[in-house]
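>>> Just a sequence and a predicted model for now, questions to come.
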Amino acid sequence: MAGYDKNMDRPRGDRNFSGDKPRMGDRPYGDRPRGDRPYGDRPRGDRPYGDRPRGDRPYGDRPQGDRPYGDRPRMGRKPRMEKPLADARRAALSALFDVFYKDAFAQIALNREIESVSLSDEDRRLATSLFYATVENRMQLEFYLKQFVAVQPDKVVMTILLMSVAQLLYMDKIPDFAVVNEATNLTRSYGFDAQAGFVNGVLRAFARARDAGELKLPDAEAEPVRHLSIAHSVPETLVERLIAAYGFDFAREMLAWKPDEHRETIRFNAQRHDAESFEKFMTARGWAFEKAPVPGAYFVSGQGNLANEKGFLSGEYSVQSAPSLLSALAVKAKPGMNIIDACAAPGGKAAAMAEAMHETGRVHAWDVYEHRVRILTAVAKRLGLDNMRPAVRDASKLKESSVNEMDAVLLDAPCSGIGVLGNKPDAKYKYTNSKVDELVELQKNLLDTVCQYVRPGGALVYSTCTVLPEENEEQVRAFLERHPDFHLAEFDVPEEYKSGLKDGMLTLHSHIHHCEGFFIARMERDE
């Protein structure tokens, strides 16, 4: 822990909750995954681990009063208050309750609540900020609150406390008295009049302790794992795994990294634009942009959700991270090629490869669930890609007719999603070592299956959005030992990312490369 800087783990100051929602990545039209996860509760490509949380419930499981424990806040009942901020807090509260106690996905829960009420843009930003400040820092908030809560309150009341403490710690624009007053009113509005004084007292005591510098994290020297776990609201089992792989200082810097909430990454549709024409397109709309490290991608700042713009809906561009695009470019798609994207939803990589072939060849975009194939179909339609062919198919089961027929296969494998925790804050609470072990076995089976489609001289690209070695370089090395007719091969890596190259494989770390954590390896089959 040499050079340890306590400021990196302070509960204040390095957080930025601007109210921008996490980006949809390359998801078309705002579509979101619903229902079961493919391949047994696995994550998909750029998405973090999709298994629902079980356990890790704050402050026990006791029913309180005459309300059944786990009852959802009575959102249909009109609260007894008229302040403009009330609806924003109600929306945030309801979404938080669903995430914490109903196992909902964060983005889906928040969008549902925001869309169910009429909020101004300002109130939408407030609701979003409240929600993500609370979700991202849940474990730290629970740790601090335990010092002030002797008796377990109702789940609704505890959620109000967590949301309010998040405001007191991370959101400086709202005065303390307003936070306390709104929390007290919110408590009463849902029928918990008897606990309103309790909420008021806890929050006032918390604010005093904060101002007096009495909020202390576990000591980093004495309890390094627990310190990082509480400081960054990450399960101890994940902290231990990261420290084992990279050491304490590296793990701390990785967990401390936060994405730029005001910047979105997009790439132009290569069938309609080149760099010059697309830059003119953005300039005409007054967008502030700069080139991303990956060819064809741009960082656009201050424009909100670009997936809502007409240019997106008409297929001029896609919202896609630079590492995600790079994994597609590693395939080296050329006109006339026959390619399989084995785990294709939501479709950004398949689309990038199809565009590169300019209306020739085929990209067979597979997914195991029909509702996700509908997402792929929507992407192909939006971008005008007749050579992108979505299909319902389980990539873990061999399709005999395609053996030795493909010029290339992309396996963007299900993974633990550790590389995208900064964008998907609820995913970290769903991590377990046993799930990673299951994923490693699944990745192995998928590799052994899809490699059979690659013709002699063809390519297999393996990518994940995790940084755990057992899912990445160790997985690739084991594959090459089992399949000596494959070997690692080079692909173009931007100068900004070359420090992540090792032994012919690329690992991107968020705090070093200023992007999501990602892994890419290109392998070729002997002629």
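It's in.

>>> In terms of helix, strand or coil, where does S318 fall?
strand (DSSP: H, G, I helix; E, B strand; the rest coil).

>>> is it true that it touches A270?
No. Contact status for S318 versus A270: not in contact, 10.2 Å apart, counting by CB atoms under 8 Å. The way it works is simple: take the backbone N, C-alpha and C, and place the C-beta from them, glycine included.

>>> and for these two, which residues touch both?
Both S318 and A270 are in contact with A352, where contact means CB atoms under 8 Å, 6 or more residues apart in numbering.

>>> Look at those two and report which has more neighbours.
The residue with more neighbours, out of S318 and A270, is S318; 28 against 18, by other CB atoms under 10 Å.

>>> If the more buried one is in a bridge, with which residues?
Beta-bridge pairing of S318 under DSSP bridges involves R267.

>>> mind checking how far stretch 252-263 is from the chain centre?
12 Å (CA atoms, centre = their mean, to the nearest Å).

>>> now swap in stretch 237-256 and tell me
Centroid separation for stretch 237-256 versus its chain: 18 Å, with CA atoms, centre = their mean.

>>> List the buried residues in it.
By neighbour count on 16 or more other CB atoms under 10 Å, the buried set for stretch 237-256 is 238-243, 246, 248, 251-256.

>>> Now do the contacts for the residue lying closest to A106 once chain neighbours are set aside.
Leaving aside its chain neighbours, A106 sits nearest to D426 (4.0 Å; criterion: CB to CB, 6 or more residues apart in numbering). Residues in contact with D426 (CB under 8 Å, 6+ apart) are 53, 99, 105-106, 135.

>>> quick one: which of those is nearest V157?
Among these, V99 lies closest to V157 (CB to CB), at 16.6 Å.

>>> Near that closest one, how many other residues are there?
With other CB under 10 Å as criterion, V99 counts 25.

>>> Show the model's pLDDT score for it.
pLDDT recorded at V99 is 94.

>>> Doesn't it lie inside a strand?
No. Looking at V99 with three-state DSSP, it is helix, so not inside a strand.

>>> That one and V135 touch, don't they?
Yes. Judged on CB under 8 Å, V99 makes contact with V135 at a distance of 6.2 Å.

>>> what sits in contact with each of the two?
Between them, V99 and V135 have 106, 426 as joint contacts when contacts are counted by CB under 8 Å, 6+ apart.

>>> domain ranges for the protein?
57-211, 321-525 (automatic domain parsing).

>>> The last one spans what distance, first to last residue?
One end of domain 321-525 sits 28 Å from the other (CA to CA, to the nearest Å).

>>> Just the mean pLDDT for it, thanks.
Rounded mean pLDDT across domain 321-525 is 97.

>>> can you pull the contacts of F479?
With CB under 8 Å, 6+ apart, F479 has these contacts: 444, 447-448, 451, 462, 486, 523.

>>> Could you save those as CSV and add columns showing distance to A365, secondary structure and neighbour count?
Rendered in CSV, the data for those read as follows (distance: CB to CB, whole Å; DSSP: H, G, I helix; E, B strand; the rest coil; neighbours: other CB atoms under 10 Å):
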residue, distance to A365, secondary structure, neighbour count
K444, 23, helix, 15
L447, 19, helix, 23
D448, 21, helix, 14
C451, 18, helix, 20
Y462, 17, strand, 26
F486, 23, strand, 20
M523, 21, strand, 23
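
>>> Name the nearest of these relative to V403.
The shortest gap between V403 and any of the contacts of F479 belongs to C451, at 10.1 Å (CB to CB).

>>> who touches the closest residue to that closest one other than its chain neighbours in this structure?
Among residues not flanking C451 along the chain, L460 sits closest, at 5.5 Å (CB to CB, 6+ apart). Neighbouring residues of L460 by CB under 8 Å, 6+ apart: 408-409, 411, 447, 450-451, 454, 486, 522-525.

>>> Assign L460 to helix, strand or coil.
strand.

>>> Bridged to it, which residues?
V409, M523.

>>> In stretch 119-128, which residues are buried?
Using 16+ other CB under 10 Å as the test for burial, stretch 119-128 gives 119, 123-128.

>>> meant to ask about stretch 395-414, not that
For stretch 395-414, a neighbour-count test (16+ other CB under 10 Å) marks 395-396, 399, 402, 406-414 as buried.
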